[in-house]
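**Q** output the structure for:
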Amino acid sequence: MEYIHYIDSPLGRILISGEDDSLTGLWFEGQKYFADTIRKDAEVKHLPVFAETERWLEIYFEGKDPGFFPKLAPKGTAFQKEIWDILLTIPYGKTMTYGGIASIIAERRGTKRFSAQAVGGAVGHNPISLIIPCHRVVGADGSLTGYAGGLDRKESLLKLERY
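**A** The predicted structure is shown next:
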């Protein structure tokens, strides 16, 4: 069974979803692909993983690195999950480019190049915003491009992390 819970944040209301002991989604209300992986029969309930997620968010919005992750179980393709795992390696307060992620994938696959646009598609469909830090991915020139939660939020998140 999948469950949902709402949280208020300094950047707007957040919907989180989970199953058993894992977080499966975290979206700002109104963001692109909002709640697109939640099952229609999801029920409102406060799971222990939601309390852990709230604790993570409280620390994060205080401008600190939480230093832990709730148990994550994002729903997506094997390729998307590979990209999201790379996002989890981007340190708090740092950024990585789409091309940099593409280079990691190319190296793993033994090829010279990989599409930064394919990477961008997977980054954009990240169902666990903030915790899987898609906001830390920037354009080749450092520009703030593409964030499903909106560029204003992306800028606010990076400022919070003192990027």
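**Q** can you tell me the centre-most residue of this structure?
**A** Central residue of the chain (CA atoms, centre = their mean): S129, 2.8 Å from the mean position.
**Q** now it: closest residue in space that isn't a chain neighbour?
**A** Leaving aside its chain neighbours, S129 sits nearest to L26 (5.2 Å; criterion: CB to CB, 6 or more residues apart in numbering). C-beta here means a position set from N, CA and C on the backbone, and glycine is covered the same way.
**Q** and the helix or strand where the one you found lies, what's buried?
**A** Using DSSP states H and E, L26 sits in strand 22-28. Neighbour counts over strand 22-28 (16 or more other CB atoms under 10 Å) mark L23, T24, G25, L26, W27, F28 as buried.
**Q** stretch 106-126 now?
**A** F114, A116, V119, G120, A122, V123, H125, N126.
**Q** what about it, start to end distance?
**A** 20 Å (CA to CA, to the nearest Å).
**Q** next, work out how far apart G120 and Y98 are.
**A** 5 Å (CB to CB, to the nearest Å).
**Q** ignore the last one, L15
**A** L15 is 26 Å from Y98, by CB to CB.
**Q** same drill for those two, tell me which one is more crowded.
**A** Y98 (23 against 18; other CB atoms under 10 Å).
**Q** what does stretch 147-154 contact?
**A** If you take CB atoms under 8 Å, 6 or more residues apart in numbering as the criterion, stretch 147-154 is touched by 11-12, 27-28, 31-33, 124-126, 129, 134-135, 144-145.
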